[in-house]
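[1] this is a predicted model, with the sequence first.
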Amino acid sequence: MTATTSTEGYEPQRGSAVWRSGMELLSSMRFAIALLTVICIASVIGTVIKQHEPAVNYTNQFGPFWADLFLALKLNAVYSAWWFLIILAFLVISTSLCILRNTPKFLADIRNYKENIREGSLKAFHHKAEGPLAQAPEAEAQRIGQMLAGGGWKVKLQERDTPTGKGWMVAAKAGAANKIGYIAAHSAIVLICLGGLFDGDLFVRALTWFGGKTVYSGGGFVSEVKPEHRLPPSNPTFRGNLVVSEGTVSSTAILSQSDGILLQELPFAVELKKFIVEYYPTGMPKLFASDIVIHDKETGESKEERIEVNHPASYRGVQIYQSSFDDGGSRVKLKALPMAGGAKSFEVEGTIGSSSQITNGDEKLTLEYTALRVINVENMTNDAGGSGADVRKVDLRQALNSRLGAADKTPTQREMRNVGPSITYKLRDEAGQAREFHNYMLPVDTGDGTPVFLLGVRTATSEPFRYLRLPADEDGSMEGFVRLRAALHDPAMRERAVRRYVLKAVDPQRPELVEQLTASASRAVGLFAGAETVGGRQVSGLQAISDFMETAVPEAERERAAEVLLRILNGTLLELSTLARETQGKPPLVESEATARFMTQGVLALSDISLYPAPVTFQLDDFTQVQASVFQVARAPGKNVVYLGCLLLILGVFAMLYVRERRLWVWVAPDGTGAKATMALSTNRKTLDADREFEQLRSKLLTIP
């Protein structure tokens, strides 16, 4: 007897059959549920597939066929795709029609007590009972009505004529909020969808469709972009990024589109006075803050604000959020160090984000200044189980262990340390191919007591950096290693070093060993320098020594021969280092543990340096940091609509799930000197609570006092 919600829609009585069928489908609940399902599936796709990425990223990840299909279906920008907006609009229309169709019935049902129900109909209910009453029908009806009203029921009494006298119908209802919950929940869906449409790309697309605005897909400066790519400050809704460097002013936000960008003019300008970033001991930022001044374009008013994460500023209906930070054009001074003998070092200056042209003989290279990092807090422990302290999952030592050079033997004590600034740059050849390099400014002690300069390189951004380690000299620079490298590739220097080593190593009482040791030392240092071919191949470093052993020494004697040859090589390289230092007017290295570690790491670096893919490396010599703050600016008129929708959705779902609509009828008919009662209970959900409630009502209402 209660009103029920039908999944069928409303079919008009007038119009063509197609019109009536279309309206019935559009206003049906099954159509709204189908649209909601499609939106949920599309939202899952938009979560799985990264949105608003460059087209080449999708090609690299999914291949040309699927990338073209995804781009054609706008799966790279699901929430702003035309088909998604159309589905969202149809969902709003369909749900609105459902509400308009059912709300009058629900409101009428809430007001109606249904007191005209017949006695025979009460006996058809699942919950029903009969019983005698002691008093007259009117008195019993008043008693039952008062008891129900005291229990929170809304009661209405109706007097009826019967063949045996006056009878009374007691009609009561409770839980009418269940129907209100249906209206609230479905209205919430409409409000949330409308808020999404208002705050989405609907108005931006309307400006591109009907306002003569076009998406900009080129490059260059923001000031050079033409007016047809700029949206007016009166645009009612937008969400974009605003990048402001320290000491500069900006009033143009960038709105990313699937095929380019649009520029949004703001009604004010933002000046960044100071950007503040603080770090945890792990190196993860714990505070982003920007001290800004907002300049109103119309009134000229200035307003100072401080913006932090989760603490935005608001001005003229535009919310300004702290999104992230970037380099604002830091100035760097780099020192170029040759990785081969014969070349000279030189200096170059530039700005992060710019580039410089350099030459390597006939080869022209482009040096692109990519990034400057002033703080690099790295995990310098050697934890075999992996480091859990570094929340950024950056374990520099583990990365070094699996890259160039020998094994890195370190203590197991956990240690987080700031290893100083670093510079990231790219070297691009004339064909457009580029390699990315990441070099630390200061030498890093990786645990064995030998400070080393870390020179990282990779060929693609998807790959990790591979690090070459060059030992730092007593002055904390690369100059000592560079001199040793240059001397190694000088035949005259190698010959002098061999002679010095032989004079020190051979006992004067045994001159017959001079010639033999000279030949061995010359062969060892020549192989190491790559001056000799092994097996028809041009190799150098320890690999050349290994290949020579395999081709020239019997297997049974290789271990002992290798030990002797490496001892000769180390002694010759020590004399070579002394000669190189003498040419620069520096005293020879003192025999000590530190010298031994320096020479050991130097031998490993000289062996690995042939794998370095560039003729020169750039060391960060000096810098002037300029920070930039990245703000997200948004005008979202639909935000309050969405908040209201969320509130209604919570109330509506709560009312539908936890509020049971019940209706109770008690027909009190005359029966001799007393009365006879027939009771029935109707509920929208059959539960154990309904059974218990009916038994309680029966015992209270139909029990003779």
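    Looks like it arrived, so ask away. Numbering: from 1, shown residues only.

[2] how about the strands in the stretch 601-705 of the chain?
    For the stretch 601-705 of the chain, applying DSSP state E, counting those that start in this stretch gives strands covering 616-624, 627-635, 662-671, 674-683.

[3] distance from the last one to the middle of the chain?
    Remark: strand 674-683 is offset 63 Å from the chain centroid, using C-alpha atoms, centre = their mean, to the nearest Å.

[4] what's the answer for stretch 274-287, then?
    On C-alpha atoms, centre = their mean, the centre of stretch 274-287 falls 18 Å from the chain's centre.

[5] got the CA coordinates for it in CSV?
    What follows is stretch 274-287, C-alpha atoms only, in CSV (Å, rounded to 0.1, in the frame of the first residue of the first chain):
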residue,chain,number,x,y,z
LYS,A,274,60.4,34.8,-1.0
PHE,A,275,60.0,31.1,-1.4
ILE,A,276,60.8,29.0,1.7
VAL,A,277,61.4,25.2,1.7
GLU,A,278,62.3,23.2,4.8
TYR,A,279,63.4,19.6,4.8
TYR,A,280,63.2,16.6,7.1
PRO,A,281,66.5,14.8,8.0
THR,A,282,65.6,12.2,5.2
GLY,A,283,65.7,15.0,2.6
MET,A,284,62.0,15.0,2.0
PRO,A,285,60.5,18.6,2.0
LYS,A,286,58.4,19.2,5.1
LEU,A,287,57.3,22.8,4.3
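
[6] mean confidence for that stretch?
    Mean pLDDT, computed over stretch 274-287, is 78.

[7] where does the chain have low pLDDT?
    When residues are selected by pLDDT under 70, those of the chain lie in 1-15, 258, 282-283, 340-343, 360-361, 379-416, 704-705.

[8] so it: which segments form each domain?
    For the chain, automatic domain parsing gives the domain ranges 17-110, 114-175+660-701, 201-236+238-328+628-635, 331-471+620-624, 482-617.

[9] what is the burial count for G181?
    22 (other C-beta atoms under 10 Å). (Glycine included, C-beta is placed from N, CA and C.)

[10] OK, contacts around it?
    With contacts defined as C-beta atoms under 8 Å, 6 or more residues apart in numbering, the neighbours of G181 are L651, G652, V653, F654, A655, M656, V659.

[11] derive a ChimeraX selection command for the buried subset of those.
    Command for ChimeraX that selects the buried part of the contacts of G181, burial taken from 16 or more other C-beta atoms under 10 Å:
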select :651,652,655,656,659
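
[12] can you tell me which of the contacts of G181 lies closest to T446?
    Closest approach to T446 among the contacts of G181 (C-beta to C-beta): V653, at 57.8 Å.

[13] pretty sure the closest one contacts A185?
    Yes: using C-beta atoms under 8 Å, V653 is in contact with A185, at 5.7 Å.

[14] state the number of residues packed around R458.
    So R458, with other C-beta under 10 Å, has 15 neighbours.

[15] same question for G195.
    Using other C-beta under 10 Å: G195 sits among 21 other residues.

[16] report the contact partners of it.
    G638, K639, V641, V642, G645.

[17] the fourth one contacts C193, doesn't it?
    No: counting by C-beta under 8 Å, V642 stays clear of C193, with 9.4 Å between them.

[18] which one of those two is surrounded by more residues?
    C193 (26 against 19).

[19] can you tell me the closest non-neighbouring residue to that one?
    Distance criterion C-beta to C-beta, 6 or more residues apart in numbering; nearest residue to C193, sequence neighbours excluded, is V92 at 4.7 Å.

[20] also A690?
    T683 (4.6 Å).

[21] show me what the one you found is bridged to.
    For T683, the beta-bridge assignment (DSSP bridges) gives partners R662.

[22] near it, how many other residues are there?
    Neighbours of T683 (other C-beta under 10 Å): 23.

[23] how close does it get to R30?
    To R30, T683 is 25 Å away according to C-beta to C-beta, to the nearest Å.

[24] ok so, going back, kindly reformat the domains of the chain as TSV and extend each row with distance to I189.
    Below are these laid out as TSV (distance: least, C-beta to C-beta, whole Å):
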stretch	distance to I189
domain 17-110	5
domain 114-175+660-701	21
domain 201-236+238-328+628-635	18
domain 331-471+620-624	39
domain 482-617	58
